[in-house]
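Student: Just the structure for this:
(2 chains)
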Number of protein chains: 2
Amino acid sequence: TPVAATAAVQWYVAESDIAMFPTIGDIVLNRITKAVMENAAFAVTGMATSWDKRCIRTEDHQPLIGVSSFGNLQKSVDRITKWLEARGYEVMHFHASGPGGKALENLAGQGELTGVIDLTTSELTDLLTGGVYSAGDGRLRSAGAAGIPQVVVPGAIDHTNWWVGECPERYKSREFYQYNVEILLMRTNAEEMAALGQMMAERLNDAKGPVTVMIPTQGFSQHIIRETQDIDGNAIGSWLQPETDQAFTDTMRQHLTHGRIVELDFHINDHEFADACVEELMKSLEP
Amino acid sequence: TPVAATAAVQWYVAESDIAMFPTIGDIVLNRITKAVMENAAFAVTGMATSWDKRCIRTEDHQPLIGVSSFGNLQKSVDRITKWLEARGYEVMHFHASGPGGKALENLAGQGELTGVIDLTTSELTDLLTGGVYSAGDGRLRSAGAAGIPQVVVPGAIDHTNWWVGECPERYKSREFYQYNVEILLMRTNAEEMAALGQMMAERLNDAKGPVTVMIPTQGFSQHIIRETQDIDGNAIGSWLQPETDQAFTDTMRQHLTHGRIVELDFHINDHEFADACVEELMKSLEP
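Tutor: Numbering: from 1, shown residues only, chains lettered A, B, ... in the order given. Here you go, the predicted structure:
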């Protein structure tokens, strides 16, 4: 379909495993559309054959742990994954760019996950501000509703994601860092950090399973090494802003009535922090 | 890849035939990502087998005519297609939502097209205003550079396309019609019509082949049957605005130095208009 090459594909594919084949031209038969439709038909045949083979497998699966991830938290994600796999778990990473968070919520709701280390909750920042990586209002709800153990971290909530050139007018006076050719990061301010602490606490209060909020006081993302800039690219100051991030911790402490809060004097990507997240989940899984 | 489910897919797929398989989770092996990657691998195998078979076909193709299309010009597109096929041509429709126009330009530039009826040039409106269906600055250039005959119509240039809820602030006082749950149409005003006449004329002046601009004076799209509304949905007036559309014709007459202009007192979807477009192309193709 011609939709497969537009931004609209996000609404059709979302968190599903739908693959879209662009027809290039609209649906009328000619040498080009015939070729792409033949391709799609053969692909479907190939996948159906594969599915048939997979259905007769009888192997048992190890319990599956969901970990929400971002490139700038890779050190921590890798360390967590290594330990979980060493302890006999399968690990699934959910990239926190919208569809990832939705898939995490879906799979948790369907009972596919045994536990969650929700390291990268930044989709909630985008939900709050209107950023392009929101996973919708269902985020941070399903694992709690399913009663599975959760370790929750304010990972990468220190920024909103905008497409370069498309940051809304009302945010133009904020602090930024252009991450790559597509993505402009906007530093979360104290007011938003406070709103996030409350929002996340309220969602976690509804959880039916164990919850631990783990807070790395030396910084919520790898971006702390950067300088922030105004919208025109002039340097403003440091991305590392402990007083801003403290607003999250304060409102989290004020509103969380279910589970507990652990503050650790590490950066989110420190080995010690990653190890503590794994240990905390293990306590809930293997009491 | 996780990108396959985001708006960013448009930049990777664009006018190509790339199909993207969402991995749901990030790239680490588990029961879910194994299944989707197996699917993708079997799809590739299926497509490769298909390609191999197609390569040994020796059938000759009939000459291919490109027609740019939109749902609201379907009557005219269908009529044009029927006549072209009856005369022994293959027809390819390019949906004017950005990737379609880019594909049209690419295939014209590669020598795949024998002629073009560019009925739906509305991507140029989105290029001018910043709308979401722009095909970039290359639009209306390649067929001319390739020297192939062109019949060009201001089809559906009477609106810009916005995602619902994402119309820029600076346009909020304009006239609109919400086409469906995703798309908000903004009625092109006289100033923009004048700019479009000049822009299209300047591009066509560079053409190396024959050019005819066909103008349907009773309306450029099916939307003339609608009432326009303000951004809050209150009725303003009629979508049919001949004096607005006249601004296009005036600047086109003023700036076009190559080819000719034919004004016809029909609506763009009238059979008579579609038939005249086909006849005009035939004159250039079969002199």
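Student: Please count neighbours and contacts with C-alpha atoms only from this point.
Tutor: Noted.
Student: Around chain B, pick out the residues from the stretch 101-250 of chain A.
Tutor: Within the stretch 101-250 of chain A, the positions near chain B by C-alpha under 8 Å from any C-alpha of the partner chain are A:Ala103.
Student: all strands of the stretch 101-250 of chain A, in order?
Tutor: A:115-118, A:150-152, A:159-163, A:176-178, A:183-187, A:211-216, A:227-229, A:235-238 (DSSP state E, counting those that start in this stretch).
Student: Make JSON lines out of the ones you listed and add mean neighbour count and distance to B:Ile215.
Tutor: Below are these laid out as JSON lines (neighbours: other C-alpha atoms under 10 Å in any protein chain shown; distance: least, C-alpha to C-alpha, whole Å):
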{"stretch": "strand A:115-118", "mean neighbour count": "25", "distance to B:Ile215": "59"}
{"stretch": "strand A:150-152", "mean neighbour count": "26", "distance to B:Ile215": "62"}
{"stretch": "strand A:159-163", "mean neighbour count": "24", "distance to B:Ile215": "38"}
{"stretch": "strand A:176-178", "mean neighbour count": "22", "distance to B:Ile215": "45"}
{"stretch": "strand A:183-187", "mean neighbour count": "22", "distance to B:Ile215": "42"}
{"stretch": "strand A:211-216", "mean neighbour count": "24", "distance to B:Ile215": "65"}
{"stretch": "strand A:227-229", "mean neighbour count": "20", "distance to B:Ile215": "50"}
{"stretch": "strand A:235-238", "mean neighbour count": "14", "distance to B:Ile215": "53"}
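Student: Is it possible to get CSV of those strands that adds mean pLDDT?
Tutor: Listed next are the strands of the stretch 101-250 of chain A as CSV, based on pLDDT from 0 to 100:
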stretch, mean pLDDT
strand A:115-118, 98
strand A:150-152, 98
strand A:159-163, 96
strand A:176-178, 95
strand A:183-187, 96
strand A:211-216, 98
strand A:227-229, 96
strand A:235-238, 95
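Student: who are the neighbours in contact with A:Ala4?
Tutor: A:Met20, A:Phe21, A:Pro22, B:Gln10, B:Val13 (C-alpha atoms under 8 Å, 6 or more residues apart in numbering or on different chains).
Student: give me that answer again for 7 Å
Tutor: A:Met20, A:Phe21, A:Pro22 (C-alpha atoms under 7 Å, 6 or more residues apart in numbering or on different chains).
Student: got the contact list for the lengthiest helix in chain A?
Tutor: What stands out as the longest helix in chain A, according to DSSP state H, is helix A:31-55. Helix A:31-55 has contacts (C-alpha under 7 Å, 6+ apart) with A:Phe21, A:Thr23, A:Gly25, B:Asn39, B:Phe42, B:Ala43, B:Val44, B:Thr45, B:Gly46, B:Met47, B:Ser50.
Student: Which among the strands of the stretch 101-250 of chain A is found nearest to A:Thr129?
Tutor: For A:Thr129, the closest of the strands of the stretch 101-250 of chain A is strand A:159-163, at 7.2 Å, according to C-alpha to C-alpha.
Student: if we can go back for a sec, ok, which of the contacts of A:Ala4 also contact chain B?
Tutor: The residues of these that also fall near chain B, by C-alpha under 7 Å from any C-alpha of the partner chain, are A:Met20, A:Phe21, A:Pro22.
Student: What about the first one, how many residues nearby?
Tutor: In terms of burial, A:Met20 registers 23 neighbours under the definition other C-alpha atoms under 10 Å in any protein chain shown.
Student: Quick check, it in contact with B:Pro22.
Tutor: No. Contact between A:Met20 and B:Pro22 fails when scored by C-alpha atoms under 7 Å: they sit 9.5 Å apart.
Student: ok so, going back, ok, and the most crowded of the contacts of helix A:31-55?
Tutor: Using other C-alpha under 10 Å as the neighbour test, those are led by A:Gly25, with 29 neighbours.
Student: Correct me if wrong: that one contacts B:Phe94.
Tutor: Yes. The criterion here is C-alpha under 7 Å, and A:Gly25 meets it with B:Phe94 at 4.8 Å.
Student: hey, what's in contact with both of those two?
Tutor: B:Gly100.
Student: ok now do the most centrally placed residue in chain A, which residues does it touch?
Tutor: Among the residues of chain A, the one closest to the centroid is A:Ala96, at 2.2 Å (C-alpha atoms, centre = their mean). When contacts are counted by C-alpha under 7 Å, 6+ apart, A:Ala96 touches A:Ser68, A:Ser69, A:Phe70, A:Thr120, A:Ser122, A:Glu123.
Student: The same query, at a cut-off of 10 Å, please.
Tutor: Contact partners of A:Ala96, counting by C-alpha atoms under 10 Å, 6 or more residues apart in numbering or on different chains, are A:67-71, A:102-104, A:119-124, A:133-135, A:156, B:2, B:25-26.
Student: just A:Lys102 next, same as before
Tutor: By C-alpha under 10 Å, 6+ apart, the contact list for A:Lys102 reads A:14-16, A:94-96, A:108, A:123, A:134-140, A:142, B:24.
Student: again, only this time at 7 Å
Tutor: The neighbours of A:Lys102, taking C-alpha under 7 Å, 6+ apart as the test, are A:Glu15, A:Ala135, A:Arg139.
Student: Closest one of the residues you listed to chain B?
Tutor: Nearest to chain B among the contacts of A:Lys102 is A:Glu15, at 6.3 Å by C-alpha to the nearest C-alpha.
Student: Is that closest one in contact with A:Ala103, as I believe?
Tutor: Yes. Contact criterion C-alpha under 7 Å: A:Glu15 and A:Ala103 qualify, at 5.0 Å.
Student: With neighbour numbers in mind, choose between those two.
Tutor: Between A:Glu15 and A:Ala103, counted using other C-alpha under 10 Å, the more crowded position is A:Glu15 (26 against 22).
Student: ok so, going back, if I look at the residue nearest to the centre of chain A, how far off is B:Pro154?
Tutor: 43 Å (C-alpha to C-alpha, to the nearest Å).
Student: again, but for A:Leu196
Tutor: Distance of A:Leu196 to B:Pro154, given as C-alpha to C-alpha: 49 Å.
Student: Equivalent analysis for A:Thr244, please.
Tutor: Remark: distance between A:Thr244 and B:Pro154 (C-alpha to C-alpha) = 53 Å.
Student: which stretches of chain A form helices?
Tutor: Taking DSSP H to define them, one finds helices in chain A at A:9-13, A:31-55, A:74-86, A:99-109, A:123-129, A:142-145, A:190-205, A:242-255, A:271-285.
Student: Render the CA-only coordinates of the shortest one in CSV, please.
Tutor: Once non-C-alpha atoms are left out, helix A:142-145 reads as follows in CSV (Å, rounded to 0.1, in the frame of the first residue of the first chain):
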residue,chain,number,x,y,z
SER,A,142,-0.1,-3.2,32.5
ALA,A,143,2.7,-4.8,34.5
GLY,A,144,1.1,-3.5,37.6
ALA,A,145,-2.4,-4.7,36.6
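Student: what's it packed up against?
Tutor: Counting contacts by 3 or more C-alpha pairs under 7 Å, 6 or more residues apart in numbering or on different chains; DSSP states H and E, helix A:142-145 packs against helix A:99-109.
Student: what's the angle from the helix it packs on to helix B:31-55?
Tutor: 120 degrees (axes from the mean of the first three to the mean of the last three C-alpha atoms, to 10 degrees).
Student: ok, A:Asp17 touching B:Met20?
Tutor: No. Proximity of A:Asp17 to B:Met20 does not meet the contact threshold set by C-alpha under 7 Å, at 10.0 Å.
Student: what sits in contact with each of the two?
Tutor: Counting by C-alpha under 7 Å, 6+ apart, A:Asp17 and B:Met20 have no common neighbour.
Student: list the buried ones in stretch A:107-117?
Tutor: Buried residues in stretch A:107-117, counted by 16 or more other C-alpha atoms under 10 Å in any protein chain shown: A:Leu107, A:Ala108, A:Gly109, A:Glu112, A:Leu113, A:Thr114, A:Gly115, A:Val116, A:Ile117.
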